[in-house]
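> coords below, sequence missing:
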């Protein structure tokens, strides 16, 4: 069994387990109480806060513990927006932020605020100048992840922070994916993170608000955690979170290059071993343990099942694995193929032999899924004037692309294929297929039903 | 050492510890994932939900886990108010609810809603007819605790639920203090609770929303827990919470009468052993493990320190122990003495000999504090016409009451004492002293500085 989905949740670090068990006896009481058990709990909480602050690179009184990374992002964005309400209600986020940030932005917009989404390039990277250009007199807050959770691309946080600082706008950094590897560089103003991403327990996030940043906590008043995180403190889990953060940091110097080498093998060897694969994300500026690729003509969910049967736990941003039937917003923003998408995120300590076995097993797994999909239900194919029409209405990804691939050879070079599809993933995957195959993507237009995608055969 | 503050937080139940440790290995992965580790986590989460729902007496799909009892109350009130926004924006709460409910009400009021607070009698009990009378055509929600957290008084939830049901208004029950002892009776609509109050771990609350109750979650969208509790599920803690709820329920039949007998000893014997004590809260309709009393002429914080030195951990609703220097809103709403307030809340398994030792130690501890306060700084005492004036300006509780007690014998029967005080606690404690001492409390009036309290000597 090999668990390769550390970007979702890392298994509990041994130090986290020890710290949790030890503090169950000492950390259950109310740290606001003056009696012995309360004082003990307070000592543990204070020590955990100091350890976490040291790892982050902030003052202990700038750091609070929340009940999750998602809560840290929600609380940070809402509090910073409210604190700077008089400045204005403009919020900047990148297009590839975690859903906790994007959903916060949606809520802000529905409440009358304005939001600018910063686009990314094909590797998932934002351009610092795009942030600089988006800053306005009424910008209350800008948000940027330190590294992307789906493709591992590391963002130029320090440069963006500098642009924000120059404009007097606070920058909130979602450091959920990177904090275990090291502190976030640059002069950011707020930072959010999640303990279970670095091997800490579930139930602990952290939010840092630098002194001097205007911040107005939202929701009912509560005196816990400087009034910024309501509810009784979960001290045993907080102690475990802080202890494991120190532990993974101590191991990072050795573990980061080791995982980086393992993911580099996947980056290089998957396209050699599997035809029609696109490795996505920045090849250099990336998290040590994350590598993501997409396989043409593959149903992501079926591939995950194949890999699970072989003992590999990975995740996918394909539409086929999502309850909403829309592809990952990250892959969409990058404009890369989403079908047959696989994210491998190695936890610290991942075994080299498991990675090698994954590389051995993957080609067969992909081939098996492609074979099953190889005979899709027949489409009505009809020539209208000089255009070959493929009716893929009612069919889900990757069928529309499979049908396109099957007929592209039936039109002469210069001829057009018109794919009718009502699957949202086609909008992403058909242009991506054209790019991978060197065909020309002409564009889309509304059809009687769904959307018509026009492709010109150029080779 | 005897920990007598279970109403703040109960020590971890052995079953909670076992369940937590066992599920650290199985429950850390993302339950939304389809691979083996995710499926295992999902199985644990589903089983915990079923167990908790059975203990509450609801359907599993009506129950979600939150990160604390406070969050459950915040989420429940906000979601129910928003869900019935079209009906109106009137909210009913009792005056003795937990601060999480009262702070939610304040937020609602500051956002333009209206709030009716239902008064309680001297035992802390609400009158069901008062709820019935407060229900209006625009009432969106009513809230009532199952039992009070400071004095243990059990509320007539079933009768209030019936009145609400008749008016078509949902009732949210804060069952934080009682759920470990048994399900909440009556036809309530929403219920909130907190695991660390029944011996579960910190970091878990639960919120039940009955089918058919209109509910609109607030805050950014998140798909976890039916969209009602954002953030990664804390499954090991949830499993431990559910397991310990079942365990304490199984022990309740034996433990409840045992604790009730122990707290009854305190109720009866403290007033015998300590002069000038008022036991507060309903003598019959009360939680098994909670008993609260107030001691005249005593500084609550000093008494807590004395008791802590003797090895007893208790809490206090006295103003002197609070950072805000105002007495507990519960004691204030009941109109009982707040000075020298002590809450004893026995955890399951509390030893009889510890209770006996507490009863032995308490009189000396109270006497020691009274002795220290026995020589308060001299007040300017001056006769103005027929009134003896005591200037207690700038002095904190319990000094104003001590000074009143010292001079009441200096005026003839029928004569008046006028106490000048700027301590908020005096407003509560001077009338309470009059009631305990059989003197007449005439009333208060604004003074040049602070407030003047008028007392007539009648005996």
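Thanks, I have the structure now. This structure is a prediction, so every number in the text was calculated from the model and none was measured. Numbers count the residues shown, from 1 in each chain, chains lettered A, B, ... in the order given.
> going forward, measure contacts between C-alpha atoms and count neighbours the same way
Will do.
> buried ones in the one helix or strand residue A:443 maps to?
In the assignment (DSSP states H and E), residue A:443 maps to strand A:440-446. Residues of strand A:440-446 classed as buried by neighbour count (16 or more other Cα atoms under 10 Å in any protein chain shown): A:440-441, A:444.
> in a markdown table: these, plus distance to chain B and pLDDT.
Listed next are the buried residues of strand A:440-446 as a markdown table, based on distance: Cα to the nearest Cα, whole Å; pLDDT from 0 to 100:
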| residue | distance to chain B | pLDDT |
| --- | --- | --- |
| A:440 | 37 | 92 |
| A:441 | 34 | 93 |
| A:444 | 31 | 90 |
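> ok, the nearest residue to residue A:88 once chain neighbours are set aside - contacts?
Closest residue to residue A:88 apart from its sequence neighbours, by Cα to Cα, 6 or more residues apart in numbering or on different chains: residue A:138 at 4.1 Å. Listed by Cα atoms under 8 Å, 6 or more residues apart in numbering or on different chains, the contact set of residue A:138 reads A:87-90.
> which of those residues are buried?
Using 16+ other Cα under 10 Å as the burial test, the contacts of residue A:138 include A:88-90 as buried.
> which parts of the stretch 351-459 of chain A sit against chain B?
For the stretch 351-459 of chain A, the contact set with chain B under Cα under 8 Å from any Cα of the partner chain is empty.
> where along the stretch 351-459 of chain A do the strands fall?
A:381-384, A:387-391, A:416-421, A:440-446, A:451-456 (DSSP state E, counting those that start in this stretch).
> who wins for proximity to residue B:175 among the ones you listed?
strand A:416-421 (52.4 Å; Cα to Cα).
> give me the sheet partners of that closest one and which way each runs.
Strands that pair with strand A:416-421, judged by DSSP bridges, come out as strand A:387-391 (parallel), strand A:451-456 (antiparallel).
> so where does residue A:129 fall, helix or strand?
Short version, using DSSP H and E: residue A:129 is in helix A:128-134.
> which strands or helices does the helix or strand following that helix pack on?
Downstream of helix A:128-134, the next assigned helix or strand under DSSP H and E is strand A:139-145. Where contact means 3 or more Cα pairs under 8 Å, 6 or more residues apart in numbering or on different chains; DSSP states H and E, strand A:139-145 is packed against helix A:69-83, strand A:90-94, helix A:157-167, strand A:171-174.
> which of these is buried the deepest?
strand A:171-174 (a mean of 28; mean count of other Cα atoms under 10 Å in any protein chain shown).
> quick check: next helix or strand after that one?
Following strand A:171-174 in sequence order, the next helix or strand is strand A:190-194 (DSSP H and E).
> near chain B at all, the following helix or strand past that following strand?
Later in the chain than strand A:190-194, the nearest helix or strand by DSSP H and E is strand A:205-209. No. Using Cα under 8 Å from any Cα, strand A:205-209 never reaches chain B; the gap is at least 9.4 Å.
> quick revisit: now do the strand holding residue A:443 against strand A:451-456, angle only.
Here the directions of strand A:440-446 and strand A:451-456 differ by 160 degrees (axes from the mean of the first three to the mean of the last three Cα atoms, to 10 degrees).
> now do the domain split for chain A, please.
Per the record, chain A has its domains at A:9-248, A:253-373, A:381-456, by automatic domain parsing.
> winner for burial among the ones you listed?
Per stretch, and counting mean count of other Cα under 10 Å, the top mean among the domains of chain A goes to domain A:9-248, which has a mean of 22.
> could you tell me the end-to-end distance of that domain?
14 Å (Cα to Cα, to the nearest Å).
> off-centre distance for it?
15 Å (Cα atoms, centre = their mean, to the nearest Å).
> mean confidence for it?
Average pLDDT, domain A:9-248: 97.
> which residues touch residue A:79?
Taking Cα under 8 Å, 6+ apart, one finds A:215-218 in contact with residue A:79.
> what's the farthest-apart pair in those residues?
A:215 and A:218, at 9.4 Å, using Cα to Cα across these.
> got any residues that touch both of these two?
Common neighbours of residue A:215 and residue A:218 (Cα under 8 Å, 6+ apart) are A:79, A:82.
> need the per-residue pLDDT for residue A:338.
For residue A:338, pLDDT reads 86.
> if you could redo that for residue A:381, that was the one I meant.
For residue A:381, pLDDT reads 52.
> next up, phi/psi of the residue most central in space within chain A, please.
Geometric centre of chain A, nearest residue: residue A:149, 2.6 Å, by Cα atoms, centre = their mean. Backbone torsions of residue A:149, given as degrees, to the nearest 10, read phi -80, psi -20.
> got the contact list for it?
A:7, A:98, A:177.
> look up how far residue B:203 lies from residue A:19.
According to Cα to Cα, residue A:19 and residue B:203 sit 16 Å apart.
> which bits of the stretch 201-350 of chain A sit near chain B?
So the stretch 201-350 of chain A meets chain B at A:201-203, A:219-222, A:230-235, A:304-305, A:308, A:312-315 (Cα under 8 Å from any Cα).
> which of those residues fall in helices?
A:235, A:304-305, A:308 (DSSP state H).
> specify which member of those is nearest to residue A:456.
residue A:304 (32.7 Å).
> pull the contacting residues for the closest one.
Counted by Cα under 8 Å, 6+ apart, residue A:304 has contacts A:313-316, A:342, B:35.
> not counting sequence-adjacent ones, nearest residue to residue A:114?
Closest to residue A:114 by Cα to Cα, 6+ apart is residue A:90, at 4.8 Å.
> anything in the helix or strand containing residue A:16 sitting right up against chain B?
Take DSSP H and E as the rule and residue A:16 turns out to sit in helix A:14-24. Yes. Residues of helix A:14-24 contacting chain B under Cα under 8 Å from any Cα: A:21, A:24.
> packing partners for whichever helix or strand comes after that helix?
With elements assigned by DSSP H and E, the helix or strand that comes after helix A:14-24 is helix A:36-56. Judged by 3+ Cα pairs under 8 Å, 6+ apart, helix A:36-56 is in contact with strand A:63-66, helix A:235-273.
> change it to 10 Å
helix A:14-24, strand A:63-66, strand A:205-209, helix A:235-273, helix B:300-309, strand B:312-313 (3 or more Cα pairs under 10 Å, 6 or more residues apart in numbering or on different chains; DSSP states H and E).
> and that helix with strand A:190-194, angle?
110 degrees.
> tell me what angle helix A:36-56 forms with helix A:14-24.
Using the same axes, to 10 degrees: helix A:36-56 against helix A:14-24 is 160 degrees.
> thinking again about what came up before, just flag the most distant two among the contacts of residue A:304.
For the contacts of residue A:304, the maximum inter-member distance is 13.0 Å, found between A:342 and B:35 (Cα to Cα).
> what touches both of the two?
Jointly contacting residue A:342 and residue B:35 under the rule Cα atoms under 10 Å, 6 or more residues apart in numbering or on different chains are A:304, A:314-315.
> need these in CSV (columns: pLDDT).
Compiled in CSV, the shared contacts of residue A:342 and residue B:35 are given as follows (pLDDT from 0 to 100):
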residue, pLDDT
A:304, 93
A:314, 96
A:315, 92
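> want to throw those residues into a markdown table with distance to residue B:67?
Below are the shared contacts of residue A:342 and residue B:35 laid out as a markdown table (distance: Cα to Cα, whole Å):
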| residue | distance to residue B:67 |
| --- | --- |
| A:304 | 31 |
| A:314 | 27 |
| A:315 | 26 |
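> just these now: which is nearest residue B:116?
Of all the shared contacts of residue A:342 and residue B:35, residue B:116 sits closest to residue A:315, with 50.3 Å by Cα to Cα.
> relative to residue A:249, how far out is that closest one?
For residue A:315, the distance to residue A:249 (Cα to Cα) stands at 25 Å.
> what's in contact with the strand holding residue A:443?
A:414, A:416-420, A:427, A:430-435, A:451-459.
> chain center to that strand, what's the gap?
Worked out by Cα atoms, centre = their mean, strand A:440-446 lies 29 Å from the chain centre.
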